[in-house]
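# sequence plus predicted model, see below.
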Amino acid sequence: MAIKIEMLRCFSVVAEAGNLADAAVRLGRTQPAVSMALKQFEERLGQRLFVSDRKSQLTPIGQQIFALAQTELRQFDDTVKAIQTAASAPKSLVRIAAVPSVAGLVFPSIVQRFKDLCPGTKIELRDADSQQVINALSRGTADIGIASANYELNGVQKTPLFTDRFGLICSRRHPLAQQPGPLKLGDIAAADYIKNDLCDMIDSQDFQFLTSQTDISVRNTLSLIAMVKSDRWVTILPKTVLHIAPSDLVFREVSDLSMQRQVHLFLREKSPFYEYAEKLAGLIMTTTWSED
């Protein structure tokens with residue numbers, strides 16, 4: 001028996017609800033039907049996913065499969081939404097997936113210019129991390145991608161947009177924001193440091209040792225910024241992230257960390273409305289990127 005998307009959805013809802021009764025209500029199915037679907041899923045995998053029949057706690061393998069199922073369901077639901085949007089678009093549609101630090105910086109000024117240039121064209125913009133941007137381009141659910149990734153994709157044009165220096169991001173009230181003189185990695189190691197996904201791009205043994213010592217890793221950009229704004233935590237990010245909360249955060253260069261992130265624009269050549277996607281990509285390319 002193949003693993004079907006509804007099996008993943010049923011399992012995920014039960015794991016979230018912690019019991020069959022509430023999960024059945026959310027799924028619009030009977031409790032016996034949900035129980036049978038879970039049994040078939042576990043038999044297909046040859047693994048128990050819940051510690052007991054109460055379904056209140058996942059087994060270790062259940063926790064792993066829950067995380068994978070959540071990712072797959074988000075991708076599936078995004079694809080369905082993109083199909084529905086494309087089918088209902090009266091003229092044309094351009095779909096963009098971009099890392100949050102760049103999306104918020106460029107699109108407020110670009111969107112109106114594009115609408116003036118191509119009236120009636122629909123725009124769908126979603127935030128995503130770099131890997132999700134690449135996945136969306138590969139699956140054909142995005143026409144334009146902006147990511148901190150250096151992939152070569154078949155049928156996708158790649159153009160460098162700008163480079164962006166890594167440095168310390170912290171609250172304006174944090175002691176490191178006020179510390180005189182240049183900062184060093186040792187100063188950050190002594191603070192409450194949060195690792196994030198972009199840290200993996202930094203090719204520095206000293207920095208990677210620092211990140212290996214932290215107990216906290218946050219993947220979501222907005223959650224990360226919220227923690228940093230609390231005045232206790234600090235992190236290392238590219239400078240453009242600062243625009244998300246410019247009045248609350250400060251960026252400081254780290255003297256022994258000179259790495260930069262390279263941001264690329266990706267344009268899918270087989271997009272349904274390539275002519276419009278190309279025009280929007282051209283507008284993005286005219287943006288003046290500044291570190292000031």
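Done, it's in. Residues are numbered from 1 along each chain as shown.

# CA atoms for contacts and neighbours, from now on please.
OK.

# what sits closest to residue 94 if chain neighbours are left out?
Distances taken as Cα to Cα, 6 or more residues apart in numbering place residue 123 nearest to residue 94, at 5.1 Å, with adjacent residues excluded.

# now do residue 166
Nearest non-adjacent residue to residue 166 (Cα to Cα, 6+ apart): residue 238, at 4.2 Å.

# how much space between that neighbour and residue 20?
45 Å (Cα to Cα, to the nearest Å).

# more neighbours, the two?
A count of neighbours by other Cα atoms under 10 Å puts residue 20 above the other of residue 238 and residue 20, at 24 against 21.

# quick one: the more buried one from residue 56, how far?
The separation that residue 20 has from residue 56, given Cα to Cα, amounts to 9 Å.

# same check on residue 237?
In terms of Cα to Cα, residue 237 sits 38 Å off from residue 56.

# where does this protein have low pLDDT?
1, 85-86, 88-91, 289-292 (pLDDT under 70).

# which stretches of it form helices?
According to DSSP state H, the chain carries its helices in the segments 5-17, 20-27, 31-45, 60-88, 100-117, 130-139, 175-178, 185-189, 205-212, 221-229, 274-285.

# what's the closest of these to residue 256?
Proximity to residue 256 (Cα to Cα) singles out helix 185-189 among the helices of the chain, at 6.6 Å.

# check which helices and strands the closest one sits against.
helix 205-212 (3 or more Cα pairs under 8 Å, 6 or more residues apart in numbering; DSSP states H and E).

# for the helix it packs on, list the C-alpha coordinates in PDB.
What follows is helix 205-212, C-alpha atoms only, in PDB (Å, rounded to 0.1, in the frame of the first residue of the first chain):
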ATOM      1  CA  GLN A 205      36.300  27.000  12.200                       C
ATOM      2  CA  ASP A 206      36.300  29.500  15.100                       C
ATOM      3  CA  PHE A 207      32.700  30.500  14.300                       C
ATOM      4  CA  GLN A 208      31.500  27.000  13.800                       C
ATOM      5  CA  PHE A 209      33.000  26.000  17.100                       C
ATOM      6  CA  LEU A 210      31.100  28.900  18.700                       C
ATOM      7  CA  THR A 211      27.800  27.700  17.200                       C
ATOM      8  CA  SER A 212      28.400  24.100  18.300                       C
END
